[in-house]
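Engineer: Below are the sequence and a predicted model for it; my questions follow.
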Amino acid sequence: MSTTPRETIERLLALTAGGPTPEMADVYAVDAVFELPFLPPGAEHPEGGREAFRAHLVEGARVQRFDSVDDVRIHETADPEVVIAEYRINGTVLATGKRFDLLIINVSQVRDGLIVSTRSYSNPLAGAIAFDQVEALLGGLVG
């Protein structure tokens, strides 16, 4: 039985709820493309590919823990490979114990049960507040 694009995204969200974990990368194709159009100024753009994402997840687990994913809405589109997922990640910054919730919208293309590309949109200010990086964000915006 093949996995539908929706089921692939549901699996990713289930893994995300207890993440970040290296297993989240297993839902992506070896050469997956990652786009983050709302990255703050000066932030590094993600390297493509499953193993680069896995390394990113390992690093992420050192600084944050996700406690849950909620407010999930999954939208199937006219393109059977494209799924849009809206959700909120609730978590904790490990160094400070500060709680956060990040609203995210992902537009993902799924082929043969694996995500081949994803564009992820979230509010950079919410991330900056959670990780005490507001001054750095504002400095990057002002130049």
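Structural biologist: Received it, and whenever you're ready, just let me know what you need.
Engineer: Beta-bridge partners for the residue at minimal distance from the centre of the chain, please?
Structural biologist: In the chain, the centroid-proximal residue (CA atoms, centre = their mean) is S120; its distance is 6.3 Å. S120 has these beta-bridge partners by DSSP bridges: N106.
Engineer: Hmm, I104 and it touching each other?
Structural biologist: Yes. The pair S120 and I104 qualifies as a contact (CB atoms under 8 Å) at a distance of 6.2 Å. For glycine as for every other residue, the C-beta is placed from the backbone atoms N, C-alpha and C.
Engineer: as a whole number, average confidence for stretch 10-26?
Structural biologist: Averaging pLDDT along stretch 10-26 yields 95.
Engineer: residues of that stretch that come out buried?
Structural biologist: Within stretch 10-26, the residues scored as buried using 16 or more other CB atoms under 10 Å are 10-13, 15-17, 19-22, 24-25.
Engineer: what's the farthest-apart pair in these?
Structural biologist: E10 and P22 (19.2 Å; CB to CB).
Engineer: Spit out the contact partners of the closest residue to T3 other than its chain neighbours.
Structural biologist: Nearest residue to T3, sequence neighbours excluded (CB to CB, 6 or more residues apart in numbering): G113, at 3.8 Å. Contacts for G113 (CB atoms under 8 Å, 6 or more residues apart in numbering) come out as S2, T3, E7, T8.
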